[in-house]
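Participant: Need coordinates for the following:
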Amino acid sequence: MQVQEKHDFIKRKAKEHIPETSEKIAWSVHAVKKLRLDGLKKNDVEISLRECEIIEDYSMKGRSLPGCLVLSFITSDPIHAVIAIDKAYDRIFIVTVYKPSSARWQNDWKTRRRK
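Facilitator: Below is the predicted model of the structure:
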């Protein structure tokens, strides 16, 4: 799956997602734990994915689904989410979500700082 196809799929599923009616976003247990630790709300993250940007594309090596790291914003706060594309079930799967730290990411929130 090409990056643009992933990007379009993620944004489309985020727009189609209606909790408890048309579930197009699934959450891992790990993502829900991280959500709570970072003081984020599911609905805010789900809405932010409608305008996300892929910042890292992951190969299929060692993965059962194509995936990527996306950047989105809740108001002006950056959010990163690792997303798996689950075409078989016509949904996206949030593997993890977190607030990126300036210690690990440059000011654009897209570029990792070198160690």
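
Participant: pLDDT of the longest strand seen in the chain, averaged?
Facilitator: Longest strand in the chain by number of residues, with DSSP state E as the criterion: strand 77-86. The average pLDDT for strand 77-86 rounds to 96.

Participant: Tell me the first helix or strand C-terminal of that strand.
Facilitator: Next in sequence after strand 77-86, counting helices and strands by DSSP states H and E, comes strand 91-98.

Participant: got the contact list for the residue nearest the centre of the chain?
Facilitator: If you average the C-alpha coordinates of the chain and look for the closest C-alpha using Cα atoms, centre = their mean, you land on Ala81, 3.1 Å from that point. Contact criterion Cβ atoms under 8 Å, 6 or more residues apart in numbering gives 31, 45, 49, 52, 69-70, 72, 94-98 as the residues in contact with Ala81. (C-beta placed from N, C-alpha, C; glycine too.)

Participant: all strands for the chain, in order.
Facilitator: With DSSP E as the criterion, the chain has strands spanning 25-27, 53-58, 67-74, 77-86, 91-98.

Participant: Turn those strands into TSV, columns for distance to His17.
Facilitator: TSV is the format used below for these (distance: least, Cβ to Cβ, whole Å):
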stretch	distance to His17
strand 25-27	5
strand 53-58	18
strand 67-74	14
strand 77-86	13
strand 91-98	8
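
Participant: Out of the ones you listed, which gets nearest to Arg12?
Facilitator: In terms of Cβ to Cβ, the element of the strands of the chain nearest to Arg12 is strand 91-98, at 9.2 Å.
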